[in-house]
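Chemist: Can you look at this prediction? I've put the sequence above it.
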Amino acid sequence: MNVLVIGQNGREHALAVSYAKSKSVKKVIMTPGNGLTDFNSPKIKNYSTVAMMDFEAIIKVCKIEGIDLVDVGQDDIIAAGYVDKFERIGITAFGPTQKASQLEWDKKWARNFMVKYSLPIPKFKAFSSQKEAIDYVNKQADRLLFVKATGLAFGKGVIKATNKAEAIFAIEQMKNFGKSGGIFLIEEGLIGEEFSLFALCDGKNYQIISWAQDHKTIYDKDKGPNTGGVGSVAPAGVVTKKILKEVDRNILFPLMKGMQKEGRPYKGILYLGGMISKSGVKVIEFNARWGDPEAEVILPSIKTDYLKIAQSILSGKLRTLKIKIDNKVRVSVAGCSKGYPGDYSKVKDKEIIGLNKAMKLPGITVFGSSIERKGERFFVNGGRVFYIVGEGKNILDARKKAYRAMNLISIEGNNLHYRTDIGFRDVERMSSLRKQGSNYCIDSGSSSHR
Ligand code: AMP
Ligand code: GLY
């Protein structure tokens, strides 16, 4: 089998590696891939000039390379209906249809669906008029609110407001998101701990596969502006057996039934962004794909042939597939250009030093993102440049390995930035449990309940 993975970031690199591990896969093609995806990976080949949105050029690549399966796993192309488009021309594509992925690309539709099928969610109201939204906010007491553009907005369409003035300012920003912000939501702010949980779905059946925690802000202790995600941990210790049961019963079961009833059976990877609040688990959002950088810490833990997983989802036979996950904890740390998520233009094209050495350390995998290769040398091509993934028997071990590797890397001119506290919640949980005299250890054996 020949597989095509569309995309260029860490998530898509991790996906390509997962497919390449399958004995049934002869080659993995990436459009466009990045400077690390085809480095020392004999099965993976990049078409680096073929842009993700250039569907016609991608079809040509499918023909040249004899592609049997396309993995459509990136937000924009899922929303653009790539799965439907490939199927229309007779190419098998793995991912949700455009109608099923409305769960991600239309927050208003998604919230209304969740109301209809009684999923636990925060209170919300949808608006298309700025004036009506401002009147609504003015009638309320100061409290935590989230103002959200309904469409995709490069991860920037959600604005947190801690009082009325901030909420009004956020409402005024919605027009900057063009069509995506034409309709927007005002939501009650939930308080609690967040997690990302992933389920494989074949339209009818589903299996929870793993759960992670993302680190969104650029600086330690969750300070600074939000990014696309600069570090992750899996499995996340906050997700207990009790939480899993609650997610299963109150969220995934009604979701799968509801999507069937709506004539939009959900096939592919489902990502639940959840909040463990005082009144139980609530849905913050659904995404129709793997998270980035959650994929980098989950995909390597899957021991079952990934092509087999994709095929059993496509044929609606997920129920009979036994999926094996290893017992390790993984921590990913993003190596970023100094300045990201603000202006980092002066870092573009600077050389990355030490990657080769870091890649050779035991328990380390490096996934590329905005990175270019010239011969054996690597150069910066964007904000989140690469991800170091450390794997170990528990959070401390995995984290130690990831940072040992990161310490070997620099970007010319002292231009590398990374967070130094990825996984801090699980580290704190572990030390507080130890203080209480428990020998509980947040490792995959005790926290994952697999
Ligand atoms: P989203 O793009 O919907 O994932 O929102 C981005 C981030 O905003 C989430 O990861 C949460 O940290 C936060 N967020 C969104 N909606 C809410 C909410 N209703 N309550 C609390 N936090 C929220
Ligand atoms: N990690 C956040 C996302 O993939 O949307």
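Modeler: Great, that's in hand. Numbering: from 1, shown residues only. Ligands and ions are numbered 1, 2, ... in the order given.
Chemist: I'd guess residue 402 is in a strand, am I close?
Modeler: No - remark: residue 402 does not belong to a strand; assigned using DSSP: H, G, I helix; E, B strand; the rest coil, it is helix.
Chemist: can you list the residues of the chain near ligand 1?
Modeler: Counting by Cβ under 6 Å from any ligand atom, the chain comes close to ligand 1 at 122, 146, 158, 187, 189, 190, 194, 273, 284, 285. For every residue, glycine as well, the C-beta is placed using N, CA and C.
Chemist: from these, which is closest to residue 77?
Modeler: residue 285 (18.8 Å; Cβ to Cβ).
Chemist: doesn't residue 106 make contact with that closest one?
Modeler: No - with contacts defined as Cβ atoms under 8 Å, residue 285 does not count as touching residue 106, sitting 11.4 Å away.
Chemist: Quick one, grab the pLDDT at residue 447.
Modeler: The predicted structure scores residue 447 at 34 on the pLDDT scale.
Chemist: same deal with residue 442?
Modeler: 43.
Chemist: picking that back up, are any of the residues of the chain next to ligand 1 buried, and which?
Modeler: Applying 16 or more other Cβ atoms under 10 Å to these, the neighbour count classes 122, 146, 158, 187, 190, 194, 273, 284, 285 as buried.
Chemist: Lowest-confidence member of those residues, which is it?
Modeler: Ranked by pLDDT, those bottom out at residue 158, which has 92.
Chemist: coming back round to it: want to throw the residues of the chain next to ligand 1 into JSON lines with secondary structure and distance to residue 334?
Modeler: Rendered in JSON lines, the data for these read as follows (DSSP: H, G, I helix; E, B strand; the rest coil; distance: Cβ to Cβ, whole Å):
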{"residue": "122", "secondary structure": "coil", "distance to residue 334": "29"}
{"residue": "146", "secondary structure": "strand", "distance to residue 334": "24"}
{"residue": "158", "secondary structure": "strand", "distance to residue 334": "20"}
{"residue": "187", "secondary structure": "strand", "distance to residue 334": "28"}
{"residue": "189", "secondary structure": "coil", "distance to residue 334": "26"}
{"residue": "190", "secondary structure": "coil", "distance to residue 334": "26"}
{"residue": "194", "secondary structure": "strand", "distance to residue 334": "18"}
{"residue": "273", "secondary structure": "strand", "distance to residue 334": "19"}
{"residue": "284", "secondary structure": "strand", "distance to residue 334": "21"}
{"residue": "285", "secondary structure": "strand", "distance to residue 334": "21"}
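Chemist: Let me have these in TSV, extended by distance to residue 220.
Modeler: Below are the residues of the chain next to ligand 1 laid out as TSV (distance: Cβ to Cβ, whole Å):
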residue	distance to residue 220
122	28
146	23
158	22
187	27
189	23
190	23
194	17
273	22
284	23
285	25
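Chemist: For residue 322, state which of the residues you listed is nearest.
Modeler: Within the set of these, residue 273 lies nearest residue 322; the separation is 27.5 Å, counting by Cβ to Cβ.
Chemist: Look up how far residue 282 lies from the closest one.
Modeler: As judged by Cβ to Cβ, to the nearest Å, residue 273 and residue 282 stand 10 Å apart.
Chemist: Same check on residue 260?
Modeler: Taken as Cβ to Cβ, the spacing of residue 260 relative to residue 282 amounts to 23 Å.
Chemist: in the stretch 351-450 of the chain, what spans have low per-residue confidence?
Modeler: Applying pLDDT under 70 to the stretch 351-450 of the chain picks out residues 437-450.
Chemist: residues near the residue in it that ligand 1 sits nearest to, how many?
Modeler: Closest approach of the stretch 351-450 of the chain to ligand 1 (Cβ to the nearest ligand atom) occurs at residue 425, with a separation of 13.7 Å. As a burial measure, residue 425 scores 21 neighbours (other Cβ atoms under 10 Å).
Chemist: Give me the buried stretch members for the host helix or strand of it, please.
Modeler: Element membership for residue 425, per DSSP states H and E: helix 424-435. Counting neighbours by 16+ other Cβ under 10 Å, one finds that the buried residues in helix 424-435 are 424, 425, 426, 427, 429, 430, 433.
Chemist: May I have the residues that are in contact with the residue minimising distance to the centre of the chain?
Modeler: To find the centre residue of the chain, average its C-alpha atoms and take the closest one (Cα atoms, centre = their mean): that gives residue 291, at 1.0 Å. Under the criterion of Cβ atoms under 8 Å, 6 or more residues apart in numbering, the contact list for residue 291 reads 11, 196, 198, 212, 214, 229, 232, 271.
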